[in-house]
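# next come a sequence and a model predicted from it.
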Amino acid sequence: MKRLIAVSIITFLCAAPVSAAPVDTAGLRAQGLMVIQKFFSALKNELRAGLKKGGPVAAIQVCRVEAPAMAKRVGEKNGWQVGRTSDRLRNPANAPDPWEAKVLAMFAAQAQAGKNPGKLVFGEVVTNAQGKRVFRLMKGIKMGGGCLTCHGPSPSAAVRNQLKHLYPQDKATGYRPGQLRGAFTLQKVLD
């Protein structure tokens, strides 16, 4: 009888699900925000250089070609997947997945209620399609500065023509200063 009880206990313990290790979401959030800052700083510097060298049309090329490469480099260097998304897309490759769309809607409601779009941050641990835990983080992008040249209410004719040529389905113009432009989006696989 004792042997049967011991075997039953061992079987139960071996079959019991192993609880996932606790996740330091505050630490991951801080780390993710530092990665966003690195990406944003690099992008801003490249955009300034592009504007100085070739004007707004050159800046469009920076966002089109350099920004995705920068996001990949910064992400790989820091162990994150880094990108940008919006509910008003310029580049269809940046379309939000369902989780990002939910967070963008939440950010839009908060911005509409008067919160600063650049201060909006949301992160959580989710389980991806492969069954792995992933920390996902988004931070709002506030419209302003040089970005208005290509995303504002009245881009120049040269900018409009280049955007029409490169992005025939562009929906990313007409923004006013201070509006929510979209969000930086990050992922880090935890297991």
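Thanks, I have the structure now. Residues are numbered from 1 along each chain as shown.
# OK, contacts around the spatially closest residue to Gly144 that is not a sequence neighbour?
Of all residues not flanking Gly144 in the chain, Pro177 sits nearest, at 5.0 Å (Cβ to Cβ, 6 or more residues apart in numbering). For glycine as for every other residue, the C-beta is placed from the backbone atoms N, C-alpha and C. For Pro177, the contact set (Cβ atoms under 8 Å, 6 or more residues apart in numbering) comprises Met143, Gly144, Leu148.
# and the second one, how close does it get to Thr25?
To tie it back to what came earlier, the one meant is Gly144. The gap separating Gly144 from Thr25 is 29 Å, by Cβ to Cβ, to the nearest Å.
# show me which of these two is the more surrounded one.
Neighbour count, other Cβ atoms under 10 Å: between Gly144 and Thr25, Gly144 has more, with 17 against 14.
# wait, the more buried one touches Tyr175, no?
No. With contact defined as Cβ atoms under 8 Å, Gly144 does not count as touching Tyr175 (9.2 Å).
# list the buried residues for the longest helix along the chain?
The longest helix of the chain (DSSP state H) is helix 25-61. Using 16 or more other Cβ atoms under 10 Å as the test for burial, helix 25-61 gives 28-29, 31-33, 35-36, 38-40, 42-43, 46-47, 50-51, 56-57, 59-60.
# stretch 146-164 now?
Buried residues in stretch 146-164, counting neighbours by 16+ other Cβ under 10 Å, are found at Cys147, Leu148, Thr149, Cys150, His151, Gly152, Pro155, Val159, Gln162, Leu163.
# ok, back up a step: and the contacts of Pro177 as CSV, adding pLDDT and distance to Ala71?
Shown next, in CSV, are these (pLDDT from 0 to 100; distance: Cβ to Cβ, whole Å):
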residue, pLDDT, distance to Ala71
Met143, 96, 19
Gly144, 92, 20
Leu148, 92, 22
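# restricted to helices, list these.
Per DSSP H, helices hold the following members of the contacts of Pro177: Leu148.
# so which of the contacts of Pro177 is the closest to Asn91?
Distance to Asn91, by Cβ to Cβ, is smallest for Met143 among the contacts of Pro177, at 16.7 Å.
# for the closest one, grab phi and psi.
Here is the backbone geometry of Met143 (degrees, to the nearest 10): phi -70, psi 130.
# swap in Pro153?
phi -70, psi -20.
# next one, pLDDT for it please.
For Pro153, the model assigns a pLDDT of 94.
# wait, it sits on Thr173?
Yes. Using Cβ under 8 Å, Pro153 makes contact with Thr173 at a distance of 7.4 Å.
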